[in-house]
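Visitor: Got a sequence here, can you build the structure:
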Amino acid sequence: MKIKRILTFFDETREASGKPTEPVLRKCAVAAIVQNPFASRYVEDLSLLRKESESIGREICAIAVGLLAPHRPISYGKAAVIGIAGEQEHGNAMLTTVFGNVMRDAAGGGKAWISSFTKRAAPGAAIDIPLAHKDALYVRSHYDGISITLHDAPLPDEIAVICAYATRGRANHRVGGLAADDIKGIDGLS
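Guide: Numbers count the residues shown, from 1 in each chain. Sure thing, here's the model as predicted:
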């Protein structure tokens, strides 16, 4: 499978609620649009999609991590949007451990499960990609997301495979009335 198009999304928060965000919060998502070889037909064996997700993932994850520079990814998430002639399982097959391990490698490692989202949709659908800490899934300050729209993708016979990364937890996160920066070192919060 070759990549037909690559779309990038970048969001940098420097101030939130009148308070400077230090360090800045950078979030990005990169989508690869590929032809769905199984569109409009049922196929039992989806291993081709799992296999192909590795090279697709390497390319888009490298682009995403580059968008965050000079900062490193701390959170990540993944998504697949399947054109309406495909099945949701086609997207799920592209987001397995094969793709996940590529995302971890690009982030410089990661121990946590990677949150994901899949759906069948027409071009222009809203896509909410969940983000969570790369090393510990239950770090609440890093529960976040990035929302994107692919205005002319995926076509009915395409799949959009998407990786997303962030450089820190949410801007101005608070726990028990305290800013997260005031409670560093408390297990599960820093």
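
Visitor: Just the buried positions in stretch 97-114, please.
Guide: If you call a residue buried by 16 or more other CB atoms under 10 Å, then stretch 97-114 has these buried ones: 98, 99, 100, 102, 103, 104, 106, 107, 110, 112, 114. All C-beta atoms are positioned from the backbone trio N, CA, C, and that covers glycine.

Visitor: Please, where are all the strands along this protein?
Guide: If DSSP state E is used as the criterion, the strands of the chain fall at 3-16, 19-35, 75-82, 115-120, 126-133, 144-149, 158-166, 174-175, 178-179.

Visitor: For this structure, which residue occupies the most central location?
Guide: What sits nearest the mean C-alpha location of the chain, by CA atoms, centre = their mean, is residue 164, with 2.6 Å.

Visitor: Please enumerate residues in contact with the longest helix seen in the chain?
Guide: With DSSP state H setting the assignment, residue counts place helix 47-68 as the longest helix in the chain. By CB atoms under 8 Å, 6 or more residues apart in numbering, the list of residues contacting helix 47-68 from outside reads 1, 3, 6, 8, 10, 26, 28-32, 34, 37-38, 72-73, 90, 93-96, 98-99, 102-103, 105-107, 161-165, 167.

Visitor: Same question for stretch 82-96.
Guide: Residues external to stretch 82-96 that are found in contact with it (CB under 8 Å, 6+ apart): 36, 38-40, 42, 46-47, 49-50, 52-53, 56, 78-81, 116, 118-122, 154-161.

Visitor: how about 6 Å then?
Guide: With CB atoms under 6 Å, 6 or more residues apart in numbering as the contact definition, stretch 82-96 has outside contacts at 36, 38-40, 46, 49-50, 53, 78, 80, 116, 118, 120, 122, 154-159, 161.

Visitor: Noted, bye for now.
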